[in-house]
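1. No letters, just coordinates:
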């Protein structure tokens, strides 16, 4: 895959290549994407914890699992 980057983003990559320990622009992009994915995962976890704190959850038990699975998500 070939990607052409222009303008300020290209300058940021050049600057980071100088100050960082990257062997190639691909290494820098890989690390940036890793950080992005980690941040999204962390945000999802934090959202889930907030939902639990707000009471937007219920315990799944053998006696209520059929009820839970029978409702569309929009009704929860």
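-> Received, thanks. Note that the structure is predicted; figures quoted are calculated from it, not measured.
2. looking at the chain, which helix or strand does the model trust least?
-> Every helix and strand of the chain was ranked by mean pLDDT, DSSP states H and E. The lowest is helix 65-70, at a mean of 90.
3. That one: which residues count as buried?
-> For helix 65-70, the neighbour count (16 or more other C-beta atoms under 10 Å) marks no residue as buried. C-beta here means a position set from N, CA and C on the backbone, and glycine is covered the same way.
4. which helices and strands does the helix or strand harbouring residue 50 pack with?
-> Take DSSP states H and E as the rule and residue 50 turns out to sit in helix 25-53. Helix 25-53 makes packing contacts with helix 7-19 when contacts are defined by 3 or more C-beta pairs under 8 Å, 6 or more residues apart in numbering; DSSP states H and E.
5. pLDDT wise, what is the residue nearest the centre of the chain at?
-> Nearest residue to the geometric centre of the chain (C-alpha atoms, centre = their mean): residue 40, 1.8 Å. For residue 40, the pLDDT comes out at 98.
6. who touches the least confident helix or strand of the chain?
-> 58, 60 (C-beta atoms under 8 Å, 6 or more residues apart in numbering).
7. how about 10 Å then?
-> 58-61, 76 (C-beta atoms under 10 Å, 6 or more residues apart in numbering).
8. tell me which of the residues you listed is nearest to residue 35?
-> residue 76 (32.2 Å; C-beta to C-beta).
9. buried sites along stretch 36-53?
-> Neighbour-count burial for stretch 36-53, counted by 16+ other C-beta under 10 Å, picks out no residue.
10. quick one on the thing from earlier: so the residue nearest to the centre of the chain versus residue 56, what's the distance?
-> 20 Å (C-beta to C-beta, to the nearest Å).
11. what do you get for residue 28?
-> 39 Å.
12. and what of residue 49?
-> Taken as C-beta to C-beta, the span from residue 49 to residue 56 is 11 Å.
13. again, but for residue 2
-> Computed as C-beta to C-beta, the residue 2 to residue 56 distance reads 45 Å.
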